[in-house]
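**Student:** Sharing a model prediction with you, sequence too.
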Amino acid sequence: MLASAGWDATLRIWAPDGTARVLEGHAGPVNGLAWAPAGLASAGYDGTLRLWDSRGGRVLAEFGLPQNALLALPDGVLASAGADGVVRLIGPDGTTRQELAAAPSPVLALAATPDGSTLAAASLGGGVTLWSLPEGRLRQRLDGPGLPVWALGFAGDGGTLWTGGQDGVLRHWDARTGAPLGVPLGQAVAEIAPGLDPHGARVFRACAACHALGASGENRAGPHLHGLFGRRMGSVPGYPYSERLARGDITWTPETVADLFTRGPDMVTPGTTMPVQRVGEAGDLAALLRFLQAATR
């Protein structure tokens, strides 16, 4: 069987004939799935970890913070990664066995070696950490480009870790030493249109996977940003906004956008499905605003 989940708060279990059983219970986007010995597990933006079996679904653990990734380890433990940069190891009974401080920014992806002895966690800030299990010891920190890392995967022998991220590059690393291996594949070359702030363009890379800039009106995981300044929050036609953003009680100006990235979406618009992301350096924030004001016209 195949399982899928999405931002509509549902899960689907697909049969070989293409029919699907819909599972409902999460109160927001479902960001992680894993097949556990007891059934299908799911982690969501609502901060819950749920287990689905023949009797239906039940809450296995509640974290109070959005969960972005989920992984089943060989010993039956579930690894759940949160917006607070912590990876929690959850036993079959729902108890938290360990908390691994993986990053100062949200963790986006998890992977483990086939034997479960090494866990990798990738973050919005571009960092990847490697942990020895079951002791939960930090082994390595991998130095990447400083942009979000969205995907991780170990080779079959557990000796090589592959990472892919916002810069459009596939990298591979020695999982034992943390050393980079070979030449990165698919190096993306960013072209900055004339008149756009190059510093701000670099800061915007962390947003580009979810938001398009052009006048074509293309919506991605987030709504397009064309005509952003002066636009009411939650007003792009056809985009499925969260309940909070659909209220439309904020108009986007340089001041309100700066507030969003200073305090964070979780504080400015509580309940939003937007990933928690802040721009803490004043120069980066000023450059981002200059870039957006020119690029979204």
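**Tutor:** Received it, and whenever you're ready, just let me know what you need. Numbers count the residues shown, from 1 in each chain.
**Student:** what about the strands in the stretch 151-297 of the chain?
**Tutor:** Counting by DSSP state E, counting those that start in this stretch, the stretch 151-297 of the chain has strands at residues 160-165, 170-174, 180-185.
**Student:** Out of those, which gets the lowest mean score?
**Tutor:** Lowest mean pLDDT within the strands of the stretch 151-297 of the chain: strand 180-185, at a mean of 81.
**Student:** list the buried ones in that one?
**Tutor:** Pro184 (16 or more other Cβ atoms under 10 Å). Placement of C-beta: from N, CA and C, glycine included.
**Student:** What of stretch 155-175?
**Tutor:** Going by 16+ other Cβ under 10 Å, stretch 155-175 has these buried residues: 158, 161-169, 171-173, 175.
**Student:** quick one on the thing from earlier: turn the strands of the stretch 151-297 of the chain into TSV, including distance to Ala20.
**Tutor:** Listed next are the strands of the stretch 151-297 of the chain as TSV, based on distance: least, Cβ to Cβ, whole Å:
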stretch	distance to Ala20
strand 160-165	28
strand 170-174	32
strand 180-185	35
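**Student:** So in terms of bridging, what pairs with Gly165?
**Tutor:** Taking DSSP bridges, one obtains Val149 as the residues bridged to Gly165.
**Student:** residues contacting it?
**Tutor:** Residues near Gly165 by Cβ atoms under 8 Å, 6 or more residues apart in numbering: Ala122, Gly126, Gly144, Pro145, Leu147, Pro148, Val149, Trp150, Ala151.
**Student:** is it true that the second one touches Pro148?
**Tutor:** Okay, so that is Gly126. Yes. Using Cβ atoms under 8 Å, Gly126 is in contact with Pro148, at 6.3 Å.
**Student:** Please say which of those two ends up with more neighbours.
**Tutor:** Per other Cβ atoms under 10 Å, whichever of Gly126 and Pro148 has more neighbours is Pro148, with 26 against 21.
**Student:** Contacts only, for that one.
**Tutor:** Leu108, Ser123, Leu124, Gly125, Gly126, Gly165, Gln166, Ala206, Ala209.
**Student:** Now for this protein: which helix has the highest residue count?
**Tutor:** helix 282-295 (DSSP state H).
**Student:** Provide the contact partners of that helix at residue level.
**Tutor:** Residues contacting helix 282-295 (Cβ under 8 Å, 6+ apart): 193, 195-197, 199-204, 213, 225, 228-229, 254, 257-258, 261-262, 279.
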